[in-house]
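Engineer: attaching a predicted model along with its sequence, questions to come.
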Amino acid sequence: MDTSLASYAALCRKTFPNVDAEFPGTGAAGGLGFAFQTFLSASLEPGIQIVLDETRLRDDVKDADLVITGEGRLDGQTVMGKAPIGVAKLSKEYGKPVLAFSGCVTKDASACNAAGIDAFFPILRNVVSLDEAMHTDNAMTNMADTAEQVFRALQIFHR
């Protein structure tokens, strides 16, 4: 697939000399960024920045004591511009601590710590299928139970 897409990018470069297949975001979502940039002269912006600006999260973060973020799976790719890192970077502008909760955490998720997430926690409490983990009732229970334990631990240090 990579070889075919590289050939496609080279073919596009013949007609559109300014095309840049290495530009950040051109490979995301199946190459839509590349197509938009090449054929529609679109400018690409990180999606998380648009979300942060539109939600005015900065206004909430600057007054927060603690920032909580998360996603379904924290891994090495999370640091490549996904929402939790965007939230963490914004939070660090104000010196705020950041916790993340996730359904699943991989070994390479430790890169998230270097990118601004102070601590992260997987919420699964036992081995289950993906369908069971994603069932709304199970996910809500797992999140509530894990968050309760994290905040119990935090209370120990703030007595």
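Structural biologist: Arrived safely, thanks for sending.
Engineer: do a quick rundown of the strands in the protein.
Structural biologist: Secondary structure of the chain (DSSP state E): strands located at 67-74, 98-105, 119-122.
Engineer: pull up the pairing partners for the shortest one, direction included.
Structural biologist: Neighbouring strands of strand 119-122 in its sheet, by DSSP bridges, are strand 98-105 (parallel).
Engineer: can you give me how far the partner strand is from the chain middle?
Structural biologist: 10 Å (C-alpha atoms, centre = their mean, to the nearest Å).
Engineer: quick one: residues contacting residue 57.
Structural biologist: 51, 87, 90 (C-beta atoms under 8 Å, 6 or more residues apart in numbering). (Glycine included, C-beta is placed from N, CA and C.)
Engineer: where in this structure is pLDDT low?
Structural biologist: The chain contains residues with pLDDT under 70 at 24-25, 27-30.
Engineer: can you pick the most crowded of the contacts of residue 57?
Structural biologist: Counting neighbours by other C-beta atoms under 10 Å, residue 87 comes out on top of the contacts of residue 57 with 25 neighbours.
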